[in-house]
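Asker: What follows is a protein structure lacking sequence information:
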């Protein structure tokens with residue numbers, strides 16, 4: 001068996017966001033948000049994956065959205081590139097999803113909680129050693145939570161997970177191992193066969209079960225992500241070499257503009273500004 005890489009956003013949405021993925025997603029969310037407890041009993045997948053769904057790749061990222069049986073909204077995203085202001089984007093999307101629940105004239109009592117679950121293929125919080133980090137509203141001095149608890153962010157940092165297939169003790173371990181390592185496997189590990197939803201996820205990830213169009217879309221996305229990584233790394237190397245990060249801009253404006261142009265399709269204006277030393281206004285003019 002040859003499995004696709006679930007860390008690629010297209011593959012992630014196919015596995016967890018297809019119309020028939022309800023059981024997979026329930027097990028996955030219970031594992032990552034509720035430590036394996038069966039808190040979520042039912043959900044509705046919003047905007048399910050229907051291949052071939054995406055034809056363009058520029059500025060594209062996919063998420064999986066689900067409405068739980070209690071009305072709560074969960075937004076799940078797989079992120080492989082560590083870009084500037086990423087945490088702000090997550091918070092913005094969660095806040096927007098929360099605010100857009102109400103129709104004109106509806107009271108605030110109709111608002112339901114929003115959970116943003118983000119899986120990253122990079123270390124996001126250097127100051128922490130936690131594999132999973134939960135953020136909620138708390139009072140600063142006395143550490144009590146906001147009574148409603150309406151907005152929460154959950155981050156899973158895959159590089160922090162170091163267990164092999166023989167030491168998967170919990171449902172959480174098994175799902176994180178699936179995300180991190182399934183594309184390197186040739187069969188389902190014996191320690192994971194006791195979870196029907198994970199076996200189903202492996203079947204959905206089996207390349208033999210994908211259409212030629214799906215395989216082509218996935219391959220394009222993987223190439224696109226690798227190109228983005230390469231552009232970011234090379235641009236930062238050039239910027240550092242030219243002394244741009246330190247702000248040594250004398251006689252180097254043309255080089256800064258050249259680097260900025262390479263980044264327009266990859267990064268936001270603020271990150272380009274910080275990388276090249278150009279002002280935000282100069283970057284916006286280039287764009």
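Answerer: On my side now, so go ahead. Note that the structure is a prediction, hence the values are computed from the model and not measured. Numbering: from 1, shown residues only.

Asker: And the most centrally placed residue in the chain, its phi and psi?
Answerer: In the chain, the residue lying closest to the centroid (CA atoms, centre = their mean) is residue 78, at 2.4 Å. Main-chain dihedrals, residue 78, degrees, to the nearest 10: phi -100, psi 130.

Asker: cool, the one 10 residues further on as well?
Answerer: The phi and psi torsions at residue 88 (degrees, to the nearest 10) take the values phi -60, psi -40.

Asker: Now for it: which residues touch it?
Answerer: If you count contacts by CB atoms under 8 Å, 6 or more residues apart in numbering, residue 88 has none. Yep, even glycine has a C-beta here, placed from its N, CA and C like the rest.

Asker: For residue 95, see how far away it is.
Answerer: Using CB to CB, to the nearest Å, residue 88 is found at 10 Å from residue 95.

Asker: Kindly report the same for residue 186.
Answerer: Going from residue 186 to residue 95 by CB to CB gives 43 Å.

Asker: go on, residue 225?
Answerer: Distance, residue 225 to residue 95, using CB to CB: 27 Å.

Asker: Neighbour count: those two, which is higher?
Answerer: Legend: neighbour count by other CB atoms under 10 Å for residue 225 and residue 95, higher for residue 225 (19 against 13).

Asker: Model confidence for that one, exactly?
Answerer: On pLDDT, residue 225 comes in at 73.

Asker: Where does it sit, in terms of helix or strand?
Answerer: Using DSSP states H and E, residue 225 sits within helix 212-241.

Asker: what's downstream of that helix, the next helix or strand?
Answerer: helix 253-263.

Asker: Could you list the buried residues of whichever helix or strand comes after that next one?
Answerer: Per DSSP H and E, the first helix or strand lying C-terminal to helix 253-263 is helix 269-276. Residues of helix 269-276 classed as buried: 269, 271, 272, 273, 274, 275, 276 (neighbour count, 16 or more other CB atoms under 10 Å).
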